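Colleague: sharing a model prediction with you, sequence too.
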Amino acid sequence: MYKLLSSVITPLDSVHNCTVHHCVLNNTVDSKNVHPGHLQPMGEQLPKINITKTPYIDSLTFYEYYYKPKKPYFSINSLKIPKVYSDDKLLEEAAGGWKVIIEPQNRIVHSHREPFYVANFSSFLNGYKKSEMYHISPNIPNALRLRPPDLLNCELLSKSIGEHRMWMSNGNTSSSLHFDTHDVIVQQVYGFKEVFLWPPEVGRNVYMDFHDRYGISPVNVDKVDYLRFPEFFKVSPSMVTLNPGDLLYIPTLWWHQLRSPVVGKNIMYTIEFEHKLNIIPIRVTTSSESYMNAWEQTLKRVPFSCDGIKYQRVSMRNKKDEDNKNISNENIKGDVNTLDNCFDFCIDSYCHELNGDYTYECGACDLSAKCNPSVFDHTTVAETSNLEI
């Protein structure tokens, strides 16, 4: 959809002083007719692309069509919300002594999320509706912990699950525009949340090279300044509104901004998961170059299949065994797979046709497979010992 800008674009001078964490307007200047969306909240600069609602799917389908190509996935009414979340009294009874992390404000005012403090969950529940407190805690007690969605049931994803995190406030919250270096499942529990997403190719449109922390855009999300950041106004976001029970998959390295636009109790539950990939670093001069290298290698190295059932004998292997029944052992020696852990797609497809890191599944195949170790493209194998960085 988008291509990375060919060069780094520098922010321009502006009569306003709007950076990621604060915005001071010059009220002596008429800004109404500068550009559509100028000094408006993020998402109002161009027509939004609504993410298509998808029926709930099984884990292997999710892996093939969303996780592997790193595309967002949105499903409504996917989560059965436990009764404990319906009432603050029930939350306090279930986990009042839980030590939670609290931000005293509903806007990020520092790149590292400070200041924050730790208090009992009961203390937060008794005060959050009277202030701008934002509870962003991991280590969720069992009484409040949600079961990971079935989307993550396949072997590789289930082993990749990391932190569960609960985000609770009285609404009117807004995140910075940022990306994560892990995948995230977002589940809305109470209230509603608006999410805007941009693919990695917009890294230079969001001026990522001009923030002092990798992964954050310097664009102010509440008042986007066209005079300072005109390239941002050229990329439309995908947008979704999450209601209770809805689920959103945000792929690693996708830019996103989340907000709860109205006042009122709001609870979001996230599950972070990450299958570790060996990304080969390259010699770069900008953050955006490093970022796009990570994105391109992520797409190449994500394992081809989610369930690495090592000794599964697949249909194509059975067919090949049948076809080769009448060939003498002398003629087929060294040419036909004799192991049971060579997958059908390795036999049927050349390595360059496989999207993802094929070396795990095809590493045990012999010369009868179109993709076998003798024809691996070794420039795609994660060997970093001899590389200069």
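Modeller: Here it is on my side, so go on.

Colleague: which residues touch Ile279?
Modeller: Asn293, Ala294, Gln297, Thr298, Arg301, Ala382 (Cβ atoms under 8 Å, 6 or more residues apart in numbering). All C-beta spots, glycine's among them, are computed from the backbone N, C-alpha and C.

Colleague: need these in CSV (columns: distance to Glu201 and neighbour count).
Modeller: Formatted as CSV, these follow (distance: Cβ to Cβ, whole Å; neighbours: other Cβ atoms under 10 Å):
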residue, distance to Glu201, neighbour count
Asn293, 13, 16
Ala294, 13, 19
Gln297, 15, 19
Thr298, 13, 18
Arg301, 18, 18
Ala382, 24, 12
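
Colleague: what is the nearest of the residues you listed to Lys89?
Modeller: When the contacts of Ile279 are ranked by distance to Lys89 (Cβ to Cβ), Thr298 comes first, at 44.3 Å.

Colleague: with adjacent residues omitted, what lies nearest to that closest one?
Modeller: Leu277 (6.1 Å; Cβ to Cβ, 6 or more residues apart in numbering).

Colleague: what is the neighbour count of that neighbour?
Modeller: 16 (other Cβ atoms under 10 Å).

Colleague: ditto for the one 3 residues further on
Modeller: A total of 17 residues lie near Ile280 under the criterion other Cβ under 10 Å.

Colleague: what's the helix or strand for it?
Modeller: Using DSSP states H and E, Ile280 falls within no helix or strand.

Colleague: quickly note the distance from it to Ser287.
Modeller: Distance, Ile280 to Ser287, using Cβ to Cβ, to the nearest Å: 17 Å.

Colleague: please compute how far the longest strand along the chain lies from its chain's middle.
Modeller: Looking across the chain with DSSP state E, the single longest strand is strand 255-273. Centre-to-centre, strand 255-273 and its host chain are 14 Å apart (Cα atoms, centre = their mean, to the nearest Å).

Colleague: export it as PDB, just CAs?
Modeller: Listed next in PDB are the C-alpha coordinates belonging to strand 255-273 (Å, rounded to 0.1, in the frame of the first residue of the first chain):
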ATOM      1  CA  TRP A 255       2.700   1.900  14.100                       C
ATOM      2  CA  HIS A 256      -0.400   2.400  16.300                       C
ATOM      3  CA  GLN A 257      -2.100   4.900  18.500                       C
ATOM      4  CA  LEU A 258      -4.900   4.100  21.000                       C
ATOM      5  CA  ARG A 259      -7.300   6.300  22.700                       C
ATOM      6  CA  SER A 260     -10.400   6.200  25.000                       C
ATOM      7  CA  PRO A 261     -12.100   9.300  23.700                       C
ATOM      8  CA  VAL A 262     -14.900   9.600  26.400                       C
ATOM      9  CA  VAL A 263     -15.000   9.800  30.100                       C
ATOM     10  CA  GLY A 264     -16.100   6.600  31.900                       C
ATOM     11  CA  LYS A 265     -14.700   3.300  33.100                       C
ATOM     12  CA  ASN A 266     -12.500   1.700  30.500                       C
ATOM     13  CA  ILE A 267     -10.600  -1.700  30.700                       C
ATOM     14  CA  MET A 268      -8.400  -3.100  28.000                       C
ATOM     15  CA  TYR A 269      -6.500  -6.400  28.400                       C
ATOM     16  CA  THR A 270      -3.400  -7.200  26.300                       C
ATOM     17  CA  ILE A 271      -1.400 -10.300  25.700                       C
ATOM     18  CA  GLU A 272       2.100  -9.900  24.400                       C
ATOM     19  CA  PHE A 273       3.700 -12.700  22.500                       C
END
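
Colleague: and it, what does it pack against?
Modeller: strand 161-174, strand 183-190, strand 193-198 (3 or more Cβ pairs under 8 Å, 6 or more residues apart in numbering; DSSP states H and E).

Colleague: avg pLDDT for the last one?
Modeller: Here strand 193-198 scores 97 as its mean pLDDT.

Colleague: and the next element down the chain from it?
Modeller: Elements were assigned by DSSP H and E; along the chain past strand 193-198, the next helix or strand is strand 238-242.

Colleague: C-alpha coordinates for that following strand, CSV please?
Modeller: C-alpha atoms of strand 238-242 as CSV (Å, rounded to 0.1, in the frame of the first residue of the first chain):
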residue,chain,number,x,y,z
SER,A,238,-6.5,1.9,9.3
MET,A,239,-9.0,2.3,12.2
VAL,A,240,-11.1,0.1,14.4
THR,A,241,-13.4,0.8,17.4
LEU,A,242,-13.1,-2.0,20.0
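
Colleague: what strands line up against it, and which way round?
Modeller: strand 49-50 (parallel), strand 193-198 (antiparallel) (DSSP bridges).

Colleague: the inter-axis angle of that strand versus strand 255-273?
Modeller: 60 degrees (axes from the mean of the first three to the mean of the last three Cα atoms, to 10 degrees).

Colleague: related to what we said a few turns ago, okay, the strands paired with strand 238-242 in JSON lines with mean neighbour count next?
Modeller: Formatted as JSON lines, those follow (neighbours: other Cβ atoms under 10 Å):
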{"stretch": "strand 49-50", "mean neighbour count": "12"}
{"stretch": "strand 193-198", "mean neighbour count": "22"}
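
Colleague: select, out of those strands, the one closest to Asn266.
Modeller: From the strands paired with strand 238-242, taking Cβ to Cβ, the stretch that ends up closest is strand 193-198, at 6.9 Å.

Colleague: that closest one: how far from the chain's middle?
Modeller: With Cα atoms, centre = their mean, you get 12 Å for strand 193-198.

Colleague: off-centre distance for the lengthiest helix in the chain?
Modeller: For the chain, the helix with the greatest residue count under DSSP state H is helix 287-301. Helix 287-301 sits 14 Å away from the centroid of its parent chain (Cα atoms, centre = their mean).
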